[in-house]
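Student: just coords:
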């Protein structure tokens, strides 16, 4: 089904402004966290606090998108029979690819590794963010809004490449190896394809499945 936006043609600068807002707010929030975490939260894991801050940043941008670009309907989140087949195939592909790469630098994530050593309550809070809230907000922001706006101005293929590049940049840091960047980019393309061929709920489930594999099965 086609996502419904408030306008049939939303200007490009609105979409890029949303992402700029996301990057700047995330940078400021993480900077303030690093400056104050040790004094304000001495007994809490900095990795878990960083995940919590990230989710609140996502939430703020998500609310902005709901107001500016339009609501997300329940129908977009619930797979139908046709989507179930796409979901099954997508999960099988991801599991196969993961099996080829498991244990390599391409899928390891230091933040995921760090939360494994947390106390049980904090650990499961971290897992719920990585496997639940994170995939939902990322798919909503990057696919439901940014990708859909790009599709108003470009072909679907070009829109997917733009969205995948931006999504990869959002996960970029100076410590990432080339293989891990390729992994991120390929995943962004794959999530976009799943979204285009089905609906938002399916893309969220596939994204959550990939994150769960990394959390529970990678070394």
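Tutor: Received the coordinates, thanks. Remember, predicted model here, so these are calculated numbers, not experimental data.

Student: how about residue 90, phi and psi?
Tutor: When read as degrees, to the nearest 10, the backbone of residue 90 gives phi -60, psi -40.

Student: burial measure for it, as a count.
Tutor: If you count neighbours by other C-beta atoms under 10 Å, residue 90 ends up with 24. (Glycine included, C-beta is placed from N, CA and C.)

Student: buried set for stretch 203-219?
Tutor: For stretch 203-219, burial by neighbour count (16 or more other C-beta atoms under 10 Å) applies to 203-211, 213-215, 218.

Student: What's the first helix or strand after the helix or strand of the chain with the lowest mean pLDDT?
Tutor: Lowest on mean pLDDT, DSSP states H and E among the helices and strands of the chain sits helix 110-115, with a mean of 62. Where DSSP states H and E defines the elements, the next helix or strand beyond helix 110-115 is helix 120-128.

Student: could you say what helices and strands the lengthiest helix in the chain packs with?
Tutor: In the chain, taking DSSP state H as the definition, the longest helix is helix 12-40. Secondary-structure packing of helix 12-40 (3 or more C-beta pairs under 8 Å, 6 or more residues apart in numbering; DSSP states H and E): helix 46-69, helix 148-153, helix 156-170.

Student: residues in contact with the second one?
Tutor: The contact list for helix 148-153, computed with C-beta atoms under 8 Å, 6 or more residues apart in numbering, reads 3, 5, 8-10, 12, 14-15, 69, 158-159, 162-163.

Student: Make a PyMOL selection of whichever of those turn out to be buried.
Tutor: To isolate the buried ones among these in PyMOL, judged by 16+ other C-beta under 10 Å, type:
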select buried, resi 3+5+10+15+69+159+162+163
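
Student: Same list (the contacts of helix 148-153) but as TSV, adding pLDDT.
Tutor: Below are the contacts of helix 148-153 laid out as TSV (pLDDT from 0 to 100):
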residue	pLDDT
3	76
5	87
8	78
9	84
10	90
12	87
14	90
15	91
69	93
158	96
159	96
162	96
163	96
